[in-house]
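> sequence and predicted structure below; questions after.
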Amino acid sequence: LGVLVLSLIVYRVASKAAETGPASGANDLGSGHIMSGRSPYIGALMYAGYLLGDFWPFVLLQAITAYLLIILTMRRFDVYRPREATVVTFALAATTALPTYNSLLLADGFASFGILSYLLLASPGRLSRLEQAFLGAVLLVSVVSHLTHIMMLIGMVAALALLAWARFSPKPPRAAWIAG
């Protein structure tokens, strides 16, 4: 069923692209024209969102990713309950730039998604295969969405490798854990 749905989406994107053609000054993977400073991969993802529903699928993808990362983080600290997840989501929406980054069609939102995914994958604890696959996919999209995100990941991996080499494993104070 998933392959069928994906095939229908690819068909719709391809047929709409054939009808409209690339917008002037936009990414055009077929001719190799990529806007300066824009990753071709995030450009292709945004273009697919444009073709499927005037960019709303891209905004929805970022919103769903943010919500799932909130839930996974709360589960990691053993404080997840649906009501608390809703409260945290509304608090983040009201007090941070998260909704702004999601609505402006920028790759910047994937920077924080990538950092959080990396930390959830690198920190001790159990993750299901599905959660690992989701976090890996988010990390991959983050890395290919902007050149600076590659450097950010290299820096995080290097820092973790340096800490492992020095056999430094910080133990947070018990009061630092909310669920403690």
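Okay, I see it. Numbering: from 1, shown residues only.
> now find how far off-centre stretch 41-51 is within its chain.
Stretch 41-51 has its average C-alpha position 15 Å from the chain's average C-alpha position, going by CA atoms, centre = their mean, to the nearest Å.
> do stretch 106-126 as well
Relative to the chain's own centre, stretch 106-126 is displaced by 8 Å; criterion: CA atoms, centre = their mean.
> likewise stretch 61-73?
On the basis of CA atoms, centre = their mean, stretch 61-73 sits 8 Å off its chain's mean C-alpha point.
> after the least confident helix or strand in the chain by mean pLDDT, which helix or strand is next?
Every helix and strand in the chain was compared by mean pLDDT, DSSP states H and E; the lowest is helix 2-20, with a mean of 51. Counting by DSSP states H and E, the element after helix 2-20 in chain order, helix or strand, is helix 40-53.
> buried stuff in that next one?
Of the residues in helix 40-53, those buried by neighbour count under the rule 16 or more other CB atoms under 10 Å are Pro40, Tyr41, Ile42, Gly43, Ala44, Leu45, Met46, Tyr47, Ala48, Gly49, Tyr50, Leu51. From N, CA and C alone the C-beta is placed, and that goes for glycine too.
> kindly report the same for stretch 126-144.
The neighbour-count criterion (16+ other CB under 10 Å) identifies Leu127, Glu131, Phe134, Leu135, Val138, Leu139, Val141, Ser142, Val143, Val144 as the buried residues of stretch 126-144.
> that'll do, ta.
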